[in-house]
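Peer 1: Just a sequence and a predicted model for now, questions to come.
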Amino acid sequence: MLPPTARERALARTYEGRDGRDQWETIRTYRAVLDAFHANRERPQTEICQEVGIPTHRGGRWLRGETPAVVKAIDTAATHGWLQAQPGDPTFEALVVLHAWTLAGGSIGSSWQLSIYVGDSDPRQLADAALTGAGVDTRVREQPASESVELQPARDGAALARVLHTLGSPVGDKQASPPTLPAWLAAVPRATQLRWARTYVSLRASQDSRHTRRVREARPPAYRDALATFFADLTGGEVARADRGVKLYQTATELLDVVPTIPGQSAVAVHQ
């Protein structure tokens, strides 16, 4: 996994700077201005800004208490532990579940609104546990004329959505720009991989026979191939790309057709 500083950079890149300005540089410059001010509060603003190399009007706003949006997002993510969390940590594993959910049964809107959709047969307890594990309260939105409910973070949702995007969660129309499996998924411990896979399967699988499951998936063949390969390597069982999906045979079904838990939280019932 990326170290915290690299994760900060990745989060900063989710912001579009004016005139193509690198938002990571905005963060570094903002911190340099405040560091210079706190080192000597008697120094004139113009002198501090000249030293850092930015216009006085910009540095002056920061010294008067204005905080760039990208800095607020970094601070929010750090406060929740999203940037520091490592595989195995409850916070990281909650992010893993939310990442899988955005691919299999959720979305991130173009305005960075995270939505977790929960159908009648989906593990609502897992969705609540993941949002709680990430440190955010849940707001419930009923879906008119739908069997599902929509869960959203009650606060800090945009920052959480941006963090999930740095992990590979797609933003906007997933059909227009099909997602791919993120590289980090191959590098994390097996327990984390299982948590991701079980979340995905719990949302997309239907019973094909007593010992097999079909994971519904309409994305391009390359994505289905990658998903099938990942499931097969993870379980050591037979997995095949099927028409509009991935078929799990007995060994893979027994390992993956289980609703996962978040470390430190109570168990969730086995998926039926």
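Peer 2: That came in fine, so what should we check first?

Peer 1: Tell me which stretches of the stretch 151-272 of the chain form strands.
Peer 2: Assigned strands in the stretch 151-272 of the chain, in chain order: 205-207, 213-216, 239-242, 245-248 (criterion: DSSP state E, counting those that start in this stretch).

Peer 1: Highest mean neighbour count out of these?
Peer 2: strand 245-248 (a mean of 25; mean count of other CB atoms under 10 Å). To be clear about C-beta, it is placed using only N, CA and C from the backbone, and glycine gets the same treatment.

Peer 1: and it, what does it pack onto?
Peer 2: Judged by 3 or more CB pairs under 8 Å, 6 or more residues apart in numbering; DSSP states H and E, the packing partners of strand 245-248 are strand 213-216, helix 221-235, strand 239-242.

Peer 1: Include mean pLDDT and distance to Leu181 when you put those into JSON lines, please.
Peer 2: Shown next, in JSON lines, are these (pLDDT from 0 to 100; distance: least, CB to CB, whole Å):
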{"stretch": "strand 213-216", "mean pLDDT": "95", "distance to Leu181": "13"}
{"stretch": "helix 221-235", "mean pLDDT": "96", "distance to Leu181": "5"}
{"stretch": "strand 239-242", "mean pLDDT": "92", "distance to Leu181": "14"}
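
Peer 1: Any idea which of those gets closest to Trp62?
Peer 2: Each of the helices and strands packed on strand 245-248 has some distance to Trp62 by CB to CB; the shortest is helix 221-235, at 43.4 Å.

Peer 1: List the buried residues of that closest one.
Peer 2: 223-224, 226-228, 230-232, 234-235 (16 or more other CB atoms under 10 Å).

Peer 1: mind checking how far stretch 92-108 is from the chain centre?
Peer 2: 6 Å (CA atoms, centre = their mean, to the nearest Å).

Peer 1: With just CA atoms, put it into PDB.
Peer 2: Extracted C-alpha coordinates of stretch 92-108, given in PDB (Å, rounded to 0.1, in the frame of the first residue of the first chain):
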ATOM      1  CA  PHE A  92      -8.800   0.100   6.300                       C
ATOM      2  CA  GLU A  93     -11.000  -3.000   6.200                       C
ATOM      3  CA  ALA A  94     -14.000  -0.800   6.300                       C
ATOM      4  CA  LEU A  95     -12.700   1.100   3.300                       C
ATOM      5  CA  VAL A  96     -12.100  -2.200   1.600                       C
ATOM      6  CA  VAL A  97     -15.800  -3.100   2.000                       C
ATOM      7  CA  LEU A  98     -16.900   0.300   0.800                       C
ATOM      8  CA  HIS A  99     -14.700   0.100  -2.200                       C
ATOM      9  CA  ALA A 100     -16.100  -3.300  -3.200                       C
ATOM     10  CA  TRP A 101     -19.600  -2.000  -2.600                       C
ATOM     11  CA  THR A 102     -19.100   1.000  -4.900                       C
ATOM     12  CA  LEU A 103     -18.200  -1.400  -7.700                       C
ATOM     13  CA  ALA A 104     -20.900  -4.000  -7.000                       C
ATOM     14  CA  GLY A 105     -23.800  -2.000  -5.600                       C
ATOM     15  CA  GLY A 106     -23.100   1.700  -5.100                       C
ATOM     16  CA  SER A 107     -21.800   4.800  -6.800                       C
ATOM     17  CA  ILE A 108     -19.900   8.000  -6.400                       C
END
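
Peer 1: Could you pull up the mean pLDDT of that stretch?
Peer 2: Stretch 92-108 shows a mean pLDDT of 97.

Peer 1: Stretch 137-146 now?
Peer 2: Here the average pLDDT along stretch 137-146 is 82.
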